[in-house]
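K.L.:
Make a model of this:
(one chain, ligands or ions: 3)
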Amino acid sequence: MAYAQGLSSSCLFLSHKVPPQGFQQSLGLSLPFTNSRINSSLQTRIFVEMREDSAPMTSDHSKKMKIPHVLTVAGSDSGAGAGIQADIKACAARGVYCSTAITAVTAQNTIGVQGVSVVPEDFVAEQLKSVLSDMQVDVVKTGMLPSIGIVNVLSQGLREFPVRALVVDPVMVSTSGDVLAGPSILAGFREQLLPIADIVTPNLKEASALLGGQQLETVADMCSAAKLLHDMGPRNVLVKGGDLPDSLDAVDIFFDGKDFHELRSLRIKTRNTHGTGCSLASCIAAELAKGSSMLPAVKVAKHYIETALDYSKDIAIGNGPQGPFDHLLRLKSYVQNSCRQVGFNPNDLYLYAVTDSRMNKKWGRSITDAVKAAIDGGATIIQLREKDAETQDFLEAAKACLKICHSHGVPLLINDRVDVALACGADGVHVGQSDMPAHVARTLLGPDKIIGVSCKTPEQAHQAWIDGADYIGCGGVYPTNTKENNLTVGLDGLKTVCVASKLPVVAIGGIGASNASSVMEIGVPNLKGVAVVSALFDRECILTETRKLHAILTESMSMQRTY
Ligand SMILES: Nc1ncnc2c1ncn2[C@@H]1O[C@H](COP(=O)(O)OP(=O)(O)O)[C@@H](O)[C@H]1O
Ligand SMILES: Cc1ncc(COP(=O)(O)O)c(N)n1
Ligand SMILES: [Mg+2]
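P.N.:
Ligands and ions are numbered 1, 2, ... in the order given. Below is the predicted model:
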């Protein structure tokens with residue numbers, strides 16, 4: 001199954017452990033999430049899968065669908081910037097379920113750690129057993145492990161209930177300088193956890209402590225530390241350089257036992273870096289749980305941290321020197337635009353109108369007139385695809401179209417240009433296979449925006465789902481002249497992709513009044529509608545053509561319902 005393709009078994013599996021579990025199951029399950037863009041796209045996934053089953057929930061486990069699952073074994077941070085709270089938020093941001101085994105409860109804020117209460121090791125063992133024995137965990141991620149006894153019960157738990165991967169963040173000291181695990185823990189890391197870890201992610205101080213106090217001050221020091229740590233048994237090492245002195249970039253060193261990778265990102269100027277280490281490790285775990293291999297998982301995680309820090313750089317929570325950041329990229333947009341409409345409804349794909357600047361020019365109309373006419377005729381979503389426009393003109397047009405769309409409750413997407421979508425506050429983007437990857441667009445746009453991806457194959461559809469897209473556009477179904485050298489997939493290709501896709505699908509390419517019913521009549525529940533360019537916009541009267549197409553779609557849907 002395509003889901004397993006990104007996995008390198010030698011890289012991800014704990015040594016001498018059982019083969020991967022659950023890969024043959026499809027993903028998705030009813031979730032306790034309710035309210036974010038990612039959550040609603042997960043709900044969409046569930047909806048689609050349930051439609052395919054069209055059976056009521058049963059207690060038969062073979063019928064249920066598995067979702068990627070990370071168990072974090074870490075401490076609670078009352079300020080919710082780091083620890084368990086950061087882990088849950090980072091996993092949620094990446095669309096992954098996160099369960100918890102709490103090792104300590106800390107009284108903590110932006111000033112520092114005021115108190116620590118360690119959870120008795122027996123009770124950590126009980127939490128581990130409860131979750132691992134029942135809940136199909138893919139990846140375990142560790143954070144604050146405040147006693148050697150807790151390391152022992154964790155190793156025991158992992159032996160009893162093997163998982164696909166272990167991510168060890170060897171937390172010892174908080175950013176504020178408070179000790180979270182004493183030196184007695186070092187032997188536990190070295191002897192028990194590092195040898196079975198798929199990756200260990202120390203910061204400079206932690207790497208130094210694990211290596212017996214060696215000073216780490218340069219990138220070259222980080223590389224030699226990574227190599228020495230690798231000798232202790234983990235499959236991969238990431239030495240984090242958030243605290244590297246005099247560095248303009250945030251540099252991390254990744255070592256897989258063979259090659260070094262220097263991972264650089266912009267160093268964001270902000271006080272809100274509390275919890276970056278926990279969140280990075282959780283994001284790596286989340287990507288592994290989704291089926292990614294190690295280096296791509298680390299790269300996605302680093303990019304996620306950079307984006308979240310940049311997004312949150314001016315957020316003010318607490319009076320101390322180390323503030324939390326916004327994992328879900330929601331707080332800032334909430335402040336800026338608290339009445340924004342959120343949520344993607346797959347039924348909006350029903351009559352999907354895609355504008356074309358050349359056609360508007362040919363017929364001598366403005367883009368706003370074209371959009372208004374399409375909406376009046378029954379278009380349910382608009383995509384602005386202005387390949388030739390200057391950026392400034394495009395942005396102005398997008399702002400004007402957004403007003404029209406929102407006054408009619410119709411979502412507006414921007415083709416390709418994530419920057420324009422962000423600048424005008426559009427509802428989302430549609431990207432092609434050679435545009436910005438959907439997971440990067442998701443990181444930039446945050447969880448609330450709609451992301452669609454053009455796909456021709458089941459593999460591309462699967463990747464779009466992994467990347468956190470909301471829907472896919474599949475085509476060209478028929479030959480079209482709006483796209484040069486576009487491969488036609490035909491109705492068979494469309495059906496194959498729809499059946500494989502966990503996301504709702506809109507068909508595109510050469511579709512109009514003459515063939516829309518044949519497209520909808522392929523009868524696959526997650527085919528939600530048709531996307532149209534020429535059949536609406538390369539015509540004398542957009543309103544008439546849109547009405548006509550709307551009537552045809554309604555007719556063909558009602559025919560299908562009567563069978
Ligand atoms: N100001 C910053 N801008 C961008 N990335 C940062 C910044 N500070 C830390 N990072 C990144 O956050 C991650 C966590 O790093 P670090 O702060 O060193 O770990 P820890 O939180 O465990 O001390 C690393 O990928 C690091 O490069
Ligand atoms: C419970 C807990 N776990 C981990 C950290 C480390 O996070 P940071 O290094 O960002 O302070 C923390 N402060 N609290
Ligand atoms: Mg840090």
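
K.L.:
So which residues of the stretch 251-400 of the chain form helices?
P.N.:
276-290, 294-311, 331-336, 357-363, 367-377, 391-407 (DSSP state H, counting those that start in this stretch).

K.L.:
To ligand 3, which of these lies closest?
P.N.:
Relative to ligand 3, the nearest member of the helices of the stretch 251-400 of the chain by Cβ to the ion is helix 276-290, separated by 4.5 Å. Any C-beta I mention is one placed from the backbone N, CA and C, and that applies to glycine too.

K.L.:
What helices and strands are in contact with that closest one?
P.N.:
strand 69-77, helix 83-93, strand 139-142, strand 165-168, strand 237-240, helix 294-311 (3 or more Cβ pairs under 8 Å, 6 or more residues apart in numbering; DSSP states H and E).

K.L.:
If you drop the residues flanking it in sequence, what lies closest to the closest residue to ligand 1 within the stretch 451-563 of the chain?
P.N.:
Distances between the stretch 451-563 of the chain and ligand 1 by Cβ to the nearest ligand atom are smallest at residue 468, namely 20.3 Å. The shortest distance from residue 468 to any non-neighbouring residue, by Cβ to Cβ, 6 or more residues apart in numbering, is to residue 442 (4.2 Å).

K.L.:
thought that neighbour was touching residue 467?
P.N.:
Yes. Using Cβ atoms under 8 Å, residue 442 makes contact with residue 467 at a distance of 6.5 Å.

K.L.:
Between those two, tell me which one has more neighbours.
P.N.:
residue 442 (28 against 20; other Cβ atoms under 10 Å).

K.L.:
about what we covered before: next, see if the one helix or strand the residue nearest to residue 468 maps to gets close to ligand 1.
P.N.:
Here residue 442 is covered by helix 438-445, with elements defined by DSSP states H and E. No. Legend: contact between helix 438-445 and ligand 1 by Cβ under 6 Å from any ligand atom is lacking; minimum distance shown is 13.5 Å.

K.L.:
What distance do you get for the residue nearest to residue 468 to residue 418?
P.N.:
10 Å (Cβ to Cβ, to the nearest Å).

K.L.:
so residue 469 makes contact with residue 455?
P.N.:
No. When contacts are counted by Cβ under 8 Å, residue 469 is not listed as touching residue 455 (9.0 Å).

K.L.:
Buried residues of the lengthiest helix in the chain, list them for me.
P.N.:
Of all segments of type helix in the chain, defined using DSSP state H, the longest is helix 542-562. Using 16 or more other Cβ atoms under 10 Å as the test for burial, helix 542-562 gives 542-543, 545-546, 548-550, 552-553, 556.

K.L.:
Could you export those as CSV, including distance to ligand 3?
P.N.:
Rendered in CSV, the data for the buried residues of helix 542-562 read as follows (distance: Cβ to the ion, whole Å):
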residue, distance to ligand 3
542, 54
543, 57
545, 57
546, 53
548, 59
549, 54
550, 54
552, 58
553, 53
556, 56
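
K.L.:
Only C-alpha atoms, please: export the helix holding residue 442 in PDB.
P.N.:
Taking C-alpha atoms only, helix 438-445 is exported to PDB below (Å, rounded to 0.1, in the frame of the first residue of the first chain):
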ATOM      1  CA  ALA A 438       0.900  21.200   0.000                       C
ATOM      2  CA  HIS A 439       2.500  20.500   3.400                       C
ATOM      3  CA  VAL A 440       4.600  23.700   3.000                       C
ATOM      4  CA  ALA A 441       1.400  25.600   2.000                       C
ATOM      5  CA  ARG A 442      -0.300  24.200   5.100                       C
ATOM      6  CA  THR A 443       2.500  25.300   7.400                       C
ATOM      7  CA  LEU A 444       2.400  28.800   5.800                       C
ATOM      8  CA  LEU A 445      -1.400  29.100   5.800                       C
END
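
K.L.:
Looking at the stretch 351-500 of the chain, which residue is nearest ligand 1?
P.N.:
For the stretch 351-500 of the chain, Cβ to the nearest ligand atom, closest residue to ligand 1: residue 443, 13.5 Å.

K.L.:
Name all residues that make contact with that residue.
P.N.:
Residue 443 makes contacts with 300, 303-304, 307, as judged by Cβ atoms under 8 Å, 6 or more residues apart in numbering.

K.L.:
Of those residues, just say which sits nearest to residue 219.
P.N.:
Nearest to residue 219 among the contacts of residue 443, counting by Cβ to Cβ, is residue 303 at 19.3 Å.

K.L.:
Tell me, how many residues neighbour the closest one?
P.N.:
If we define neighbours as other Cβ under 10 Å, then residue 303 has 17 of them.

K.L.:
That one contacts residue 265, correct?
P.N.:
Yes. The criterion here is Cβ under 8 Å, and residue 303 meets it with residue 265 at 7.0 Å.

K.L.:
which residue is nearest the centroid of the chain?
P.N.:
residue 94 (3.6 Å; Cα atoms, centre = their mean).

K.L.:
Leaving out the residues flanking it, which one is nearest to that residue?
P.N.:
Per Cβ to Cβ, 6+ apart, closest to residue 94 is residue 286, 3.9 Å.

K.L.:
so what's that neighbour up against?
P.N.:
When contacts are counted by Cβ under 8 Å, 6+ apart, residue 286 touches 68, 70, 90-91, 94-96, 98, 139.

K.L.:
quick revisit: name the member of the contacts of residue 443 with the most neighbours.
P.N.:
Ranking the contacts of residue 443 using other Cβ under 10 Å puts residue 304 first, with 26 neighbours.

K.L.:
Disregarding residues adjacent in the polypeptide, which is nearest to it?
P.N.:
residue 283 (5.0 Å).

K.L.:
mind checking how far that neighbour is from residue 453?
P.N.:
Residue 283 is 21 Å from residue 453, by Cβ to Cβ.

K.L.:
and these two? which has more neighbours close in?
P.N.:
residue 283 (30 against 26).

K.L.:
Against ligand 2, how distant is the more buried one?
P.N.:
According to Cβ to the nearest ligand atom, to the nearest Å, residue 283 and ligand 2 sit 14 Å apart.

K.L.:
same deal with residue 308?
P.N.:
From residue 308 to ligand 2 the distance is 13 Å (Cβ to the nearest ligand atom).

K.L.:
From residue 76, how far off is that residue?
P.N.:
With Cβ to Cβ as the criterion, residue 308 and residue 76 are 21 Å apart.

K.L.:
Between these two, which is the more surrounded one?
P.N.:
The neighbour comparison of residue 308 against residue 76 (other Cβ under 10 Å) goes to residue 308, with 26 against 20.

K.L.:
which residues sit in contact with the more buried one?
P.N.:
So, once contact is read as Cβ under 8 Å, 6+ apart, residue 308 ends up touching 93, 279, 325-327, 329.

K.L.:
Try it again at 10 Å.
P.N.:
Residue 308 makes contact with 89-90, 93, 268, 272, 275-276, 279, 283, 325-329, 443, 446, according to Cβ atoms under 10 Å, 6 or more residues apart in numbering.

K.L.:
of the residues you listed, the lowest pLDDT goes to which?
P.N.:
Note: of these, the lowest pLDDT belongs to residue 329, at 85.

K.L.:
biggest separation within the contacts of residue 443, which pair?
P.N.:
300 and 307, at 10.4 Å, using Cβ to Cβ across the contacts of residue 443.

K.L.:
Can you pull the residues that touch both of those two?
P.N.:
With Cβ under 10 Å, 6+ apart, residue 300 and residue 307 have common neighbours 440, 443.

K.L.:
Brilliant, that's me finished.
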